[in-house]
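Provide a 3D model corresponding to the input given below.
(2 chains)
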Number of protein chains: 2
Amino acid sequence: MELKSFSSCSVSTSEVAHVGRSYSTLISSFRHKVGVRFSTHFQCRRDKAVISSVGQDNFAAETSSHRINGTNGSISRFYSTNLKLLDAFDDEYGGVVVHPDRLPSNPYTFASVLRLSLSQWKKMGKKGIWLKLPLDQSDLVPIAVKEGFQYHHAEPGYVMLTYWIPEGPSMLPANASHQVGVGGFVINDNNEVLVVQERHCSPTTLGLWKIPTGFILEAEEIYTGAVREVKEETGIDTEFVEVIAFRHAHNVAFEKSDLFFICMLRPLSSKIIVDDLEIAAAKV
Amino acid sequence: MELKSFSSCSVSTSEVAHVGRSYSTLISSFRHKVGVRFSTHFQCRRDKAVISSVGQDNFAAETSSHRINGTNGSISRFYSTNLKLLDAFDDEYGGVVVHPDRLPSNPYTFASVLRLSLSQWKKMGKKGIWLKLPLDQSDLVPIAVKEGFQYHHAEPGYVMLTYWIPEGPSMLPANASHQVGVGGFVINDNNEVLVVQERHCSPTTLGLWKIPTGFILEAEEIYTGAVREVKEETGIDTEFVEVIAFRHAHNVAFEKSDLFFICMLRPLSSKIIVDDLEIAAAKV
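Residues are numbered from 1 along each chain as shown, chains lettered A, B, ... in the order given. Here you go, the predicted structure:
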């Protein structure tokens, strides 16, 4: 047995990322190489990964070549121009990502080309199929579901559907599982703590004094979110000192889990300006 | 100024929950009162919250009374039996939650009843409308989108759509924003650390020794997840000691954020059994 060198860089932000159900160093090197931003899982160089170029507008008159990325990265003309597949590219895990900007606009065309594509991908031994349908092409959703696709996740402007080809349970990575909230524990030199009363709460908690809290914004740091929420709710400027506690709750909003971080913050101002929309009162 | 008592119970798991973009104590008292489990945001007592009882199977022959929850909780017969609205109930925030199990099965019926319902809800000054469409009723998705609904989130078996009635930006709470991973820092009495090589990784990281890592499962605790991942990947039994570090990364899978917790674990066994599916090698 030997002691392995285990430096902090081995688990740094840039290197530890998600692959399947595990974490690896795979993603970072691909992160900035593509224009199409599905997710870091499904990025690859489009010049090496085009399966077919059947686009939305030129489907009927498709004449361009259809390329496929071989296992050694070489490009072949395995597909003739008569094979009309969905415009897609390989992902790193034996799967296929359909290009969301080049879907056939006609539902009937989509239905036939989707069926043909699935048939071809099955023959090729592909695994997970990723189909992102924009909001304005929602008429394609029932067609995909009819072919066996399931929902994976959705954001306001699109829904992502997936199809797992191999036998057995899907090995595709799950969607986000948590919401993250922050609380600002603002304590001054007199050991006085900043507290608020929320405007909208249940009768049983009406009048309860609590620390300012809220959810962090998309891509926001925990310490930034805590400082922002305190400022928004009370008008108090603060600086982050440290995370003093966190708790993990399950089955909260939309049956997802919830992580809540309490940050100790040092006040930089003392004039309280209450946010009337969320807060009924604030004081130290 | 006075020092407020701020005990740990004020931010306990059961009491701190999500309301809009804030945290409050609102949710916990409603959590166990309903059979319909949309999410804790949208639970309310169905006997007080039925807006209409137009169901999937009895839509055409609907004869039952239509009740609405008044602001004082009383039941009125404001709606006549001729007004065919979607079966729904009020949420706590002035919104309406459509019952997913009682949707009209006929798309044409759904289209007309949805339009009528929206018109009625607008007149009533309702805010957010929540429409959960099961996978097997995906043919209703384009109809809802045509009426102005957007996607909110999706899980394999359903897609949730929302409609924000008031002017201005939607105040509806966002979907989950994070994935959570764990790493097991297993160190023995000789200061030797358990490390693995992942089987599936990029060429640049091939052969890298790292701690066992993975994503926590749905509703799994961080410490449980770390112990499980170490066991799965290496066969080593461990017990949780403490969280020694965490890091926050953004724009990772599906453009969501990622929290990664490193847990110090004490080994309880020493025989390494490698999981051939994920791991190429493991040693201490």
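
just checking, what packs against the top helix by length along chain A?
In chain A, with assignment by DSSP state H, the single longest helix is helix A:107-123. Identification of packing neighbours for helix A:107-123 by 3 or more Cβ pairs under 8 Å, 6 or more residues apart in numbering or on different chains; DSSP states H and E yields helix A:141-146. All C-beta spots, glycine's among them, are computed from the backbone N, C-alpha and C.

Partner strands of the next helix or strand along the chain from the helix it packs on and their direction?
On the C-terminal side of helix A:141-146, the nearest following helix or strand under DSSP states H and E is strand A:150-155. The partner list of strand A:150-155 in its sheet, established with DSSP bridges, is strand A:158-164 (antiparallel).

Just after the strand it pairs with, pick out the following helix or strand.
Toward the C-terminus, strand A:158-164 is succeeded by strand A:178-186 as the next helix or strand (DSSP H and E).

and that next one, average pLDDT?
In this model, strand A:178-186 has an average pLDDT of 97.

And that strand, what does it pack against?
Using 3+ Cβ pairs under 8 Å, 6+ apart: strand A:178-186 touches strand A:213-215, helix A:222-234, strand A:238-249, strand A:257-267, strand B:178-186, strand B:257-267.

Could you identify which of these is most buried?
When neighbours are counted by mean count of other Cβ atoms under 10 Å in any protein chain shown, the highest per-stretch mean among the helices and strands packed on strand A:178-186 falls to strand B:178-186, a mean of 26.

what's the average pLDDT for the helix or strand following that one?
Next helix or strand after strand B:178-186 toward the C-terminus (DSSP H and E): strand B:195-198. For strand B:195-198, mean pLDDT rounds to 93.

got the CA coordinates for strand B:195-198 in CSV?
The C-alpha trace of strand B:195-198 is given here as CSV (Å, rounded to 0.1, in the frame of the first residue of the first chain):
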residue,chain,number,x,y,z
VAL,B,195,-8.1,6.2,-5.1
VAL,B,196,-9.6,4.9,-8.4
GLN,B,197,-9.1,5.3,-12.1
GLU,B,198,-12.3,5.9,-14.0
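
what sits against the spatially most central residue of chain A?
Within chain A, the residue whose C-alpha comes closest to the C-alpha centroid is A:A176; the distance, by Cα atoms, centre = their mean, is 6.1 Å. Each residue near A:A176 by Cβ atoms under 8 Å, 6 or more residues apart in numbering or on different chains is listed here: A:H153, A:K256, B:N175, B:A176, B:S177, B:H178, B:Q179, B:A253, B:F254, B:K256, B:S257.

just A:L172 next, same as before
A:G95, A:G128, A:H152, A:T162, A:W164.

Of those residues, which is the nearest to chain B?
Taking Cβ to the nearest Cβ as the measure, A:H152 is the one of those closest to chain B, at 6.7 Å.

I'd like to know how many residues surround the closest one.
Close neighbours of A:H152, defined as other Cβ atoms under 10 Å in any protein chain shown, add up to 23.

show me what contacts it?
Under the contact definition (Cβ under 8 Å, 6+ apart), the residues listed for A:H152 are A:W130, A:M160, A:L161, A:T162, A:L172, A:N175, B:A154, B:P156.

what pLDDT does it get?
Looking at A:H152, its pLDDT stands at 97.

If you count neighbours, what's buried in the longest helix of chain A?
Of the residues in helix A:107-123, those buried under the neighbour-count criterion (16 or more other Cβ atoms under 10 Å in any protein chain shown) are A:T109, A:F110, A:A111, A:V113, A:L114, A:L116, A:S117, A:L118, A:Q120, A:W121.

Setting aside sequence neighbours, what's the nearest residue to A:V145?
Of all residues not flanking A:V145 in the chain, B:S138 sits nearest, at 4.0 Å (Cβ to Cβ, 6 or more residues apart in numbering or on different chains).

quick one, what contacts that neighbour?
Applying Cβ under 8 Å, 6+ apart, we find B:S138 in contact with A:V141, A:P142, A:V145, A:K146, B:V159.
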